[in-house]
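Undergrad: model this:
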Amino acid sequence: MISVQEAFSILEQNLPALHKVEYSLSQARKHILAESLLSPINMPPFRQSAMDGYALCLHDALVYEIVGEIKAGDSHLVNLIPGQAIKIFTGAAIPDSAQAVIQIELVAANGTQLLLDELVKPETNVRPIGEQISAGDLALEKGTLLNSASIGFLAGLGFTKVSVFKKPKVAIVVTGNELAKPGTPLEHGKVYESNGIMLESALIDAFYDSVTLYEVNDDFENTKNKLQEALTNNDMVLVSGGISVGDYDFVARALKELQVQTLFHKVNQKPGKPLFAGKLRDKMVFALPGNPAACLTCFYVYVLPTLAIMSGAEANYKQAVLFSLAHDYEVKNTRCQFLKASVSNGEAQILSHQNSSMLNSFSVSNGLIYVPHGHYELKKGDKVEVYLL
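TA: So this is what the prediction gives:
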């Protein structure tokens, strides 16, 4: 049995290589850029009005002659002479012969005559060419997570496709004869299956949308065949249950026959001791404990960082941050613990119902407090490591 830190180190040394793919902008959302992008154009590409108002060819008087209008998108060229003004709308191209724009609320228009209250300074309400970015400048750096704003920014520069790091396809293999589908009558000795939809929801929350769910009963050949299918069609396989040492836990044996390399099996932690991590060429396998809270703890601590790194993010396994403990707490355990917690206002409070089978406290937690093993007292105000969810 290895420590949590040893498990992190083993995973770091066995991560598969990144893969690039070219996607349309709409497909690329929540992916990591695989190469830096330079702007192909100036933005804005012309002198642009920042207001609805009047573009002015400045002179020393407060009266101007209105000679027409320019709407956003108009491409015709207008040549003004000093003392002339043209009505203009936000985003429209300002004539080269105009030096400023006065907003419509500050003037009075009477037919073709425009009256100002005071003289206007040059460049007022004018967005210069390249104000946001100049052609050839760095638009977005390699490693940038593409969100809605960056997608819009790239579209505004004329991009239609980008090179991003491919996100892993994930399989969830749920095992156990004791499992019943929610919505069906619950027979004596059965429990409703929740890990599959829980893991699927957690993946979708983290923007991993290519998820396939497999269900298998406790039979060796069936388990092996489903795992083979999952490994063939996916980049990561998550197995829920069947990795312990019971007579009907067939996952470890099936993975061995499928030539999955064992990276580690069993971690000195609570919950989640039975955790298995393996590798088959460039595919990662995690066999997670069947108890729901243990399953989800291992997902957040080990699986999610692995997925992030495989997707090109600058993530790591040691992502815990320090918070003050909101109360006293006695530690008395031979294994390190990940305790479900509520984090707010810089403090972390350990919740009740820490059993590995219980999800009720997980449902309202937003962090996991990491507590090293031993017998000692934590006092209110002590700094503790928290994995934020």
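
Undergrad: Dump stretch 199-208 to CSV, keeping only the CA atoms.
TA: The C-alpha trace of stretch 199-208 is given here as CSV (Å, rounded to 0.1, in the frame of the first residue of the first chain):
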residue,chain,number,x,y,z
LEU,A,199,-19.5,10.1,-12.3
GLU,A,200,-21.1,11.0,-15.6
SER,A,201,-22.5,14.2,-14.1
ALA,A,202,-19.1,15.1,-12.6
LEU,A,203,-17.4,14.7,-15.9
ILE,A,204,-20.0,16.8,-17.7
ASP,A,205,-19.7,19.5,-15.0
ALA,A,206,-15.9,19.6,-15.9
PHE,A,207,-16.8,19.8,-19.6
TYR,A,208,-15.9,16.3,-20.6
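
Undergrad: from the chain's centre, how far out does it sit?
TA: In this view, stretch 199-208 has its centroid 10 Å away from the chain centroid, taken as C-alpha atoms, centre = their mean, to the nearest Å.

Undergrad: quick one: contacts of it?
TA: 30, 167-168, 170, 172, 209, 211, 213, 238, 240, 288, 295-296, 299-300, 304, 307-308 (C-beta atoms under 8 Å, 6 or more residues apart in numbering). (Each C-beta comes from the backbone N, C-alpha and C, glycine too.)

Undergrad: Could I have the ChimeraX command that selects the buried members from those residues?
TA: Restricted to buried positions by 16 or more other C-beta atoms under 10 Å, the ChimeraX selection for the contacts of stretch 199-208 reads:
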select :30,167,168,170,172,211,213,238,240,288,295,296,299,300,304,307,308
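
Undergrad: In helices only, show me the contacts of stretch 199-208.
TA: Counting by DSSP state H, those place Cys295, Leu296, Leu304, Leu307, Ala308 in helices.

Undergrad: quick check, nearest of those to Pro45?
TA: The nearest member of the ones in helices among the contacts of stretch 199-208 to Pro45, counting by C-beta to C-beta, is Ala308 at 36.7 Å.

Undergrad: And the helix or strand encompassing Ser201, what's buried?
TA: Using DSSP states H and E, the element containing Ser201 is helix 195-205. Across helix 195-205, burial judged by 16+ other C-beta under 10 Å covers Asn195, Gly196, Met198, Leu199, Glu200, Ala202, Leu203.

Undergrad: on that earlier part again, for Lys121, state which of the ones in helices among the contacts of stretch 199-208 is nearest.
TA: Checking the ones in helices among the contacts of stretch 199-208 against Lys121 by C-beta to C-beta gives Ala308 as the nearest, at 50.1 Å.

Undergrad: tell me the contacts of that closest one?
TA: Applying C-beta under 8 Å, 6+ apart, the residues near Ala308 are Ala206, Ala315.

Undergrad: Check the gap between it and Leu11 for me.
TA: 12 Å (C-beta to C-beta, to the nearest Å).

Undergrad: For the stretch 251-389 of the chain, which segments count as helices?
TA: Per DSSP state H, counting those that start in this stretch, the stretch 251-389 of the chain carries helices over the ranges 251-257, 292-298, 304-310.

Undergrad: contacting residues around the second one?
TA: Right, the one you point to is helix 292-298. In contact with helix 292-298 (C-beta under 8 Å, 6+ apart) are residues 194-195, 198-199, 202, 240, 271-275, 286, 288-289, 338, 340, 354-359, 362, 368.

Undergrad: next one: stretch 351-362
TA: 194, 198, 270-272, 289, 291-294, 296, 337, 339-342, 364-365.

Undergrad: ok, of those residues, which come out buried?
TA: Of the contacts of stretch 351-362, these count as buried by 16+ other C-beta under 10 Å: 194, 198, 270-272, 289, 291-294, 296, 337, 339-341, 365.
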